[in-house]
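Novice: starting from these lines, generate the structure:
(chains A and B)
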Protein chains: 2
Amino acid sequence: MSAYTITENEMEAIATGGAFLGTGGGGDPYIGKLMAQSAIAEHGPVTVISPEDVEDDWLCVPVCMMGAPTVMLEKLPNGGEARSALEQLEAFLGRKADALICIEAGGLNSTIPFAVAAATGLPLIDGDGMGRAFPELQMVSFTMQNVAATPMVIADEKGNSSVIKAISNQWTERLARSQTIEMGGSALVALYPMSGAEVKKGILRNTMSLIFEIGKVITGERANNRNPAQALIEKLNGKRLFTGRVVDIERRTEGGFARGTAVLKGMDDDHGRTFRVDFQNEFLIALDEKDQPLALTPDLICALDADGGLPVTTEQLRFGLAITMIGLPCDAQWRSEAGIELVGPAYFGYPQAYTPLEDLPS
Amino acid sequence: MSAYTITENEMEAIATGGAFLGTGGGGDPYIGKLMAQSAIAEHGPVTVISPEDVEDDWLCVPVCMMGAPTVMLEKLPNGGEARSALEQLEAFLGRKADALICIEAGGLNSTIPFAVAAATGLPLIDGDGMGRAFPELQMVSFTMQNVAATPMVIADEKGNSSVIKAISNQWTERLARSQTIEMGGSALVALYPMSGAEVKKGILRNTMSLIFEIGKVITGERANNRNPAQALIEKLNGKRLFTGRVVDIERRTEGGFARGTAVLKGMDDDHGRTFRVDFQNEFLIALDEKDQPLALTPDLICALDADGGLPVTTEQLRFGLAITMIGLPCDAQWRSEAGIELVGPAYFGYPQAYTPLEDLPS
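Specialist: The predicted structure follows:
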């Protein structure tokens, strides 16, 4: 299937799957889903195309939201800012975009590109730059393929915007992050303008289809009164990390990020054990009571409500909530030396060396 | 005299006069002087033209440095960033500049435009937006004339840059300040692109000539072994505030500004008295021992070394230094309601209502 369409109704599954691959962060896709559904209702369905169908000389642009998910939820985008960011980037480049890209197949940013695609009529490429969500903008496969994040447009809901040009994607992150903070904690951005050839080289493939499939599994299992954990583990080659109840949660908005730590008491098979998860927007590390890692970034740490079976984002963590934590192996690109340097435990200040999920004890 | 040239040698007087009108801030013009002298040596003298000789449809652009003077001194510009900021703004506007403007006739920013004028061959207009130095970028006469600060380019010495577009000049200040901090505390900017007609409406006239004259007075008096204080007071219709020795100095770099307070013990006629001056890059308020104001922003508070007679910037304040503090009336535009709102004591958090220097007790 080289191209297919996503309707208003199908956005439900996209948003659910996006919340799961969001690894606790990236913002609840609910807002983006509403934006996308409203745009699809007005302009018609979104066409999703395979990277192989992208012409080499196309201009392809990711559009997304930047900032702390906790802030995004309180500062709703009006729907026009993401499109405005794209149009300002097009004006700066003197060229119209031919296709849109999803920067991260997780959280709010997995649904916002559908809203912009519907509104502009542009196709959305089946893939993304992370295969999950990550907190910083240089953390994409495109950085490993030497695609520059700039020129980049950052726009807020008030009408302020900047075109940033930076000497590295790390500098882009620094400059855009300080603008995001000044703009109130969240902003809409269009960045990594790239050719179709660069897309084919760098994109993590088929992840739009993947979140759609994940969403359908979660919905289907819940419709049959089953918790989707086991079905997702089997489908995604994942691993149950633990099931536990939140007994302590500490969070802060710091440096423009939602950071925090949750402590969970084991339930069911994990009764008597204690677990800890840390997050910077996304879950970064899961540890047991002996501080032994159960999963480490860049592998995915995904939370499901142990009762209702829906994905749980870090801002939804609260005392008493029971969750099943699932580990998923990350894309092979992230396990390369360059990948571990960009998003491994050391970058986030953890002393533990990265060990693939499959090689860690349960 | 509608146009004249400034040579390498004459930059000495420009820099000295600029340091005096810098009201303690704006950075020591020494670096800008060296940049300007080097550019004049290579490209020839700078032509200064009267605002009346500017054509209405010209594109006129201020170029300046932004940030904490204390940082500027440690992070020397290489000379190319200011020109690069201008060129990026020209590229964004799709049009070459016809003339340059000095944003503030004080401190480093009174000399940097001479360096860019020499390097580009563009004329420099005889005037500025402040008639002194102020710490924030919206604090210019152009704001009162509804000239937008954006599109604005901000560039650092590493090669990073942004084009900012904002909904107000206050928002431009916020967004550009956070970029400046992220860029290391200082940056070069090109902003307030305006037509010749707007220049004629908003510019504070003849201030380039004024700092040149002030510099010549200071140099002349010193050459005759006289402290220039009295001659400057007479020439500029000013007022001696006090002469004193610094006994306490507290400073901090905060929010991208050099902030602080100095306490001085009176000398000579002021023996037995105590004075306090506060600054945010520039001196904002001078108080006596009863906390009675002697001078209040936007009137100018200018410091001269009581011994050597040279202007003193806030970063040069140190225990034991004897200074003569001189008050000068600000431009009439600043004493309007809009002017006081933009740069009066209340904006900087002082409870004292603005009272013109001439009406305050000595």
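
Novice: in the stretch 1-150 of chain A, which spans are helices?
Specialist: Counting by DSSP state H, counting those that start in this stretch, the stretch 1-150 of chain A has helices at residues A:11-21, A:30-43, A:69-72, A:81-93, A:112-120, A:141-144.

Novice: can you list the low-confidence ranges for chain A?
Specialist: Scanning chain A for pLDDT under 70 picks out A:1, A:69-79.

Novice: so what's the gap between the helix or strand harbouring residue A:286 and the chain middle?
Specialist: Taking DSSP states H and E as the criterion, residue A:286 maps to strand A:282-287. Strand A:282-287 sits 15 Å away from the centroid of its parent chain (CA atoms, centre = their mean, to the nearest Å).

Novice: likewise stretch A:142-154?
Specialist: 17 Å.

Novice: give me every residue that touches residue A:136.
Specialist: By CB atoms under 8 Å, 6 or more residues apart in numbering or on different chains, the contact set of residue A:136 is A:173, A:177. Where C-beta positions appear, they are placed from N, C-alpha and C, glycine not excepted.

Novice: next: residue A:162.
Specialist: Counting by CB under 8 Å, 6+ apart, residue A:162 has contacts A:153, A:154, A:179, B:162, B:163, B:164, B:165, B:175, B:179.

Novice: spit out the contact partners of the residue in the stretch 251-362 of chain A that chain B sits nearest to.
Specialist: For the stretch 251-362 of chain A and chain B, the shortest gap (CB to the nearest CB) falls at residue A:256, measuring 10.7 Å. Residues in contact with residue A:256, defined by CB under 8 Å, 6+ apart, are A:67, A:68, A:177, A:178, A:180, A:181, A:185.

Novice: tell me the one of those residues nearest residue B:25?
Specialist: residue A:178 (23.5 Å; CB to CB).

Novice: got a list of contacts for stretch A:207-220?
Specialist: Applying CB under 8 Å, 6+ apart, the set of residues contacting stretch A:207-220 is A:6, A:10, A:12-18, A:20-21, A:48, A:102, A:105-106, A:110, A:124-128, A:131, A:228, A:231-232, A:235-236, A:309-311.

Novice: buried ones among these?
Specialist: A:6, A:10, A:13-18, A:20-21, A:48, A:102, A:105-106, A:110, A:124-128, A:131, A:228, A:231-232, A:236, A:309-311 (16 or more other CB atoms under 10 Å in any protein chain shown).

Novice: can you narrow these to ones near chain B?
Specialist: By CB under 8 Å from any CB of the partner chain, no member of these lies near chain B.

Novice: list the buried ones in stretch A:218-231?
Specialist: Quick answer for stretch A:218-231 (16+ other CB under 10 Å): A:218, A:219, A:221, A:227, A:228, A:229, A:231.

Novice: out of those residues, list just those in strands.
Specialist: Among these, none falls in strands (DSSP state E).

Novice: could I get those as CSV with distance to residue A:335?
Specialist: Shown next, in CSV, are the buried residues of stretch A:218-231 (distance: CB to CB, whole Å):
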residue, distance to residue A:335
A:218, 26
A:219, 31
A:221, 29
A:227, 29
A:228, 26
A:229, 24
A:231, 25
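
Novice: farthest-apart pair in the residues you listed, please.
Specialist: Between any two of these (CB to CB), the greatest distance is 14.2 Å, for A:219 and A:229.

Novice: against residue A:300, how distant is the residue lying closest to residue A:143 once chain neighbours are set aside?
Specialist: For residue A:143, ignoring the flanking residues on the chain, the nearest one in space by CB to CB, 6 or more residues apart in numbering or on different chains is residue A:169 at 4.8 Å. If you measure residue A:169 against residue A:300 using CB to CB, to the nearest Å, the figure is 22 Å.

Novice: more neighbours: which of these two?
Specialist: The residue with more neighbours, out of residue A:169 and residue A:300 and counting by other CB atoms under 10 Å in any protein chain shown, is residue A:300; that gives 28 against 23.

Novice: find the nearest non-adjacent residue to the more buried one, please.
Specialist: With CB to CB, 6+ apart, the residue lying closest to residue A:300 is residue A:328, at 3.9 Å.

Novice: identify the residues contacting that neighbour.
Specialist: Residue A:328 neighbours (CB under 8 Å, 6+ apart): A:236, A:237, A:238, A:239, A:299, A:300, A:302, A:357.
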